[in-house]
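# Need coordinates for the below:
(one chain, ligands or ions: 2)
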Amino acid sequence: MKITFYGHASLGIQVNDVDILVDPFISGNPKASHINIDALKADYILVTHAHQDHILDVEVIAKRTGAVVVSNFEIATHFEKLGIDCHPMNHGGKWDFDFGTVKYVNAIHTSSFPDGSYGGQPGGFVIEGEHKNIYIAGDTALTFDMKLIPLQTKLDLAILPIGDNFTMGIDDAILASDFVACDKVLGCHFDTFGYIEIDHEAAKRKFFEKEKDLMLLEIGDFIEL
Ligand code: NI
Ligand code: MN
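Ligands and ions are numbered 1, 2, ... in the order given. Reported below is the predicted structural model:
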C-alpha cells in the first residue's frame with residue numbers, strides 16, 4: 001500500500017493496481033501548486049465530509065477519470081446529480097470493494113457544502129486492503145468512538161488531523177493514537193491556513209516522548225506500508 005500526501009487532508013492511496021484519492025483539495029491550496037490534478041489517477045474518490053477544503057477537486061477529477069465517489073449518502077447524492085458515479089455509505093457500514101474493505105466511521109465535526117446546504121454527518125474511513133489496515137480520521141475532535149476501531153481492526157497506520165482549531169491538535173491526536181491502538185501516525189490538516197500552522201519539530205517530539213512516530217510528509221511525498 002502506497003500513500004501519497006497531496007497537502008491538507010488530500011491523499012492518494014494505491015492498493016495493488018487501484019488508485020484511491022481522498023478529500024482532493026489541491027487546486028485551491030497554494031502550497032500544493034506543484035501538483036497537477038489533471039495527472040492524478042483515480043478509480044475511487046473517498047470523501048470524508050462536504051467542506052470545501054475536502055471536496056474542491058472532486059467533480060473535476062471524477063469527471064475526467066470516471067472515478068466512483070465513496071461518501072456519506074448526502075454527499076453521494078450531491079455528486080450523483082452532477083452525473084458522477086457514486087457509492088453511498090453511512091456510519092457503521094462497510095463494503096467490500098475490488099481493492100479491499102471500507103468502513104465509514106464516526107467523526108465529530110460538521111459537514112455543510114460550501115453553499116451552506118446539508119452535507120450529511122462527517123465521517124472517517126477504515127480501509128483494509130493488501131494485508132494493511134489504515135484509519136483516515138477525517139476532520140474530527142478526539143472521540144471515545146475511536147476506541148471501537150481496534151476492537152475489530154489492527155491498524156498499521158492512523159492518518160490524523162493535527163492542526164488544531166478546526167480539528168484535534170497534537171495533544172488530542174496523541175490520545176487518539178492510543179484510542180485506535182496505533183503508534184504510527186501520518187499527520188494531516190496542518191499548515192494550510194493561518195489557523196492551523198504547527199511547529200513540526202515540537203509536534204514530532206511530543207509523539208516521540210510517548211514512544212509514537214508522527215510522520216509529516218512534504219506535499220507530493222509518499223510512504224509505503
Ligand atoms: Ni471540515
Ligand atoms: Mn477541513
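# Okay, strands next: where are they in this structure?
2-5, 11-15, 18-22, 44-46, 68-72, 86-89, 94-97, 100-106, 123-129, 132-136, 157-161, 184-188, 213-215, 222-224 (DSSP state E).
# Show me what the fourth one packs onto, helices and strands only.
By that I understand strand 44-46. strand 18-22, helix 58-65, strand 68-72 (3 or more C-beta pairs under 8 Å, 6 or more residues apart in numbering; DSSP states H and E). Yep, even glycine has a C-beta here, placed from its N, CA and C like the rest.
# Also the first one?
The criterion is 3+ C-beta pairs under 8 Å, 6+ apart, and the helices and strands that strand 2-5 contacts are strand 11-15, strand 184-188, strand 222-224.
# Kindly report the residues of the chain close to ligand 2.
53, 139 (C-beta under 5 Å from the ion).
# how many neighbours does the nearest residue to A42 once chain neighbours are set aside have?
Nearest in space to A42, with sequence neighbours left out and distances taken as C-beta to C-beta, 6 or more residues apart in numbering, is A67 at 3.9 Å. Counted by other C-beta atoms under 10 Å, the residues lying close to A67 total 24.
# Now do A67 against ligand 2, distance only.
To ligand 2, A67 is 21 Å away according to C-beta to the ion, to the nearest Å.
# now the helices and strands packed on strand 2-5 in TSV, with mean neighbour count?
TSV is the format used below for the helices and strands packed on strand 2-5 (neighbours: other C-beta atoms under 10 Å):
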stretch	mean neighbour count
strand 11-15	22
strand 184-188	23
strand 222-224	12
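# closest to G93 out of those strands?
strand 11-15 (19.5 Å; C-beta to C-beta).
# Only C-alpha atoms, please: export the closest one in CSV.
C-alpha atoms of strand 11-15 as CSV (Å, rounded to 0.1, in the frame of the first residue of the first chain):
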residue,chain,number,x,y,z
LEU,A,11,-4.2,11.7,-0.1
GLY,A,12,-3.5,9.2,-2.8
ILE,A,13,-3.7,5.6,-1.8
GLN,A,14,-2.5,2.8,-4.1
VAL,A,15,-3.7,-0.7,-3.3
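# angle of that strand against strand 18-22?
160 degrees (axes from the mean of the first three to the mean of the last three C-alpha atoms, to 10 degrees).
# how about F97, what does it touch?
18, 44, 70, 87 (C-beta atoms under 8 Å, 6 or more residues apart in numbering).
# Mind giving me the PyMOL select for the residues you listed, buried ones only?
Those of the contacts of F97 that count as buried under 16 or more other C-beta atoms under 10 Å are selected in PyMOL with:
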select buried, resi 18+44+70
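# Switch the contacts of F97 over to JSON lines; also include pLDDT and distance to ligand 1.
JSON lines is the format used below for these (pLDDT from 0 to 100; distance: C-beta to the ion, whole Å):
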{"residue": "V18", "pLDDT": "98", "distance to ligand 1": "26"}
{"residue": "Y44", "pLDDT": "99", "distance to ligand 1": "20"}
{"residue": "V70", "pLDDT": "99", "distance to ligand 1": "17"}
{"residue": "H87", "pLDDT": "98", "distance to ligand 1": "21"}
